[in-house]
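Novice: Have a look; sequence and predicted model below, questions after that.
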Amino acid sequence: MEEISLLKKRIQAITRTDIAAFNSLAMEVFHLQYTYNDIYRTYCDLLKVDINAIKRIEDIPFLPISFFKNFVIKTGSWIAEEVFRSSGTTGMDRSQHLVRSVDWYHEICLKGFLEFYGDPSGYKIIGLLPSYTERSDSSLISMVAMLQRRKTNDEPDFFMDDYEALNQAVMNASLGNVNLIIIGVTFALLDWAYKHPQHLNNVILMETGGMKGRKEELVRSEVHRQLESAFHLNDIHSEYGMTELFSQAYSGGNGYFYPASTMRVYPRQITDPLAAGRFSEQAAINCIDLGNIDTCSFIATDDVGRIYPDGSFEILGRMDQSDIRGCNLMFAGG
């Protein structure tokens, strides 16, 4: 579809400070997805949304994220190159995100990384992602492997629980005066910190969240405190992303996330999923991800946090009973 190709070029060119361009693109993507995305259009129609009355992005309906567990979400007709699936235990319904173009996903991920950290070829990037490396359908593994390949002659470098080998890789980078980024799932970083506390020099340590029942749940500030103490670091970085989103947000410390140029977040009321929330107050999080142009760009997530007027946000937790929220309306209309 030529219209999507043209929109993708404009999305790729957008900057983090050009709010007017983002808003304009979001409105165009909304009308495109209402027209060519059967699930999203049905959801909007069941809400009795007057499409012609939507003049601002704040009025756009957000699709409950749980729909990615129950429906095939696509804008237009195409065959998926790949399917990303969320992590989960046996018997649990897993979200699936059909990927029209893996190259497009990588372009969106790279664009966001460049905006916050510069060219990944300037770093040695290591993944400590044991619960993900066991799977071939992880969007996080796909992103990190792409970033690793940007450095000349670097092959994907992932570790499970071989912390001795990880320590050696860190030492080699230090001896070679190489800037190092370690991207790790939270429970694995805490395991490493407990078993091998050390001074990490010239290292950015980035947690991606994720305890998955492996340890007692900790708030992010306590996770960061433990990691800073074990590794003698001033700040712990964080990445915010999920299977249902192509774009990411990053935090350079203190748990405040800033979204990439292709992404914006908005508050909604926890008790009324169709009502806007207030900035700086606890709210559920809606996300516009222009990178999702081939699926759905308007997602009502199950995350709870605080969103600030400058576009930054904190994550405080998840909504209760989030797995069953949002589907009743579609089922009732089926």
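Specialist: Perfect, thanks for sending it. Numbers count the residues shown, from 1 in each chain.

Novice: Flag the shaky bits of the stretch 201-334 of the chain, pLDDT-wise.
Specialist: 211-217, 321-334 (pLDDT under 70).

Novice: just the strands in it please.
Specialist: 203-207, 237-240, 249-251, 258-259, 263-268, 282-289, 298-307, 313-318 (DSSP state E, counting those that start in this stretch).

Novice: Surely Lys74 is in a helix?
Specialist: No. Lys74 sits outside any helix when classified using DSSP: H, G, I helix; E, B strand; the rest coil, being coil.

Novice: Please give me every residue in contact with it.
Specialist: Lys74 makes contacts with Asn37, Leu98, Arg100, Asp294, Thr295, as judged by Cβ atoms under 8 Å, 6 or more residues apart in numbering. C-beta here means a position set from N, CA and C on the backbone, and glycine is covered the same way.

Novice: pull the CA atoms of stretch 138-157 into PDB?
Specialist: In PDB, the C-alpha atoms belonging to stretch 138-157 read as follows (Å, rounded to 0.1, in the frame of the first residue of the first chain):
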ATOM      1  CA  SER A 138      11.200 -12.600  21.500                       C
ATOM      2  CA  SER A 139      11.100  -9.000  20.200                       C
ATOM      3  CA  LEU A 140      13.700  -8.000  22.800                       C
ATOM      4  CA  ILE A 141      16.200 -10.600  21.600                       C
ATOM      5  CA  SER A 142      15.600  -9.500  18.000                       C
ATOM      6  CA  MET A 143      16.300  -5.800  19.000                       C
ATOM      7  CA  VAL A 144      19.400  -6.500  21.100                       C
ATOM      8  CA  ALA A 145      20.900  -8.800  18.400                       C
ATOM      9  CA  MET A 146      20.400  -6.100  15.800                       C
ATOM     10  CA  LEU A 147      22.100  -3.500  18.000                       C
ATOM     11  CA  GLN A 148      25.000  -6.000  18.600                       C
ATOM     12  CA  ARG A 149      25.500  -6.500  14.900                       C
ATOM     13  CA  ARG A 150      26.000  -2.800  14.300                       C
ATOM     14  CA  LYS A 151      29.500  -3.100  15.700                       C
ATOM     15  CA  THR A 152      31.900  -4.400  13.100                       C
ATOM     16  CA  ASN A 153      32.500  -8.200  13.400                       C
ATOM     17  CA  ASP A 154      30.400  -8.500  16.500                       C
ATOM     18  CA  GLU A 155      28.200 -11.500  16.700                       C
ATOM     19  CA  PRO A 156      25.200 -11.700  19.000                       C
ATOM     20  CA  ASP A 157      26.500 -12.100  22.500                       C
END
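
Novice: Not counting that stretch itself, show me its contacts.
Specialist: In contact with stretch 138-157 (Cβ under 8 Å, 6+ apart) are residues 82, 84-85, 87, 97, 102, 105-106, 109-110, 113, 119-127, 129, 132-133, 135, 158, 169, 183, 208, 241-243, 248.

Novice: Take the strands of the stretch 201-334 of the chain and lay them out in a markdown table including mean neighbour count and distance to Thr17.
Specialist: Putting those into a markdown table (neighbours: other Cβ atoms under 10 Å; distance: least, Cβ to Cβ, whole Å) gives the following:
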| stretch | mean neighbour count | distance to Thr17 |
| --- | --- | --- |
| strand 203-207 | 21 | 24 |
| strand 237-240 | 22 | 20 |
| strand 249-251 | 22 | 16 |
| strand 258-259 | 20 | 12 |
| strand 263-268 | 23 | 12 |
| strand 282-289 | 24 | 16 |
| strand 298-307 | 22 | 18 |
| strand 313-318 | 18 | 17 |
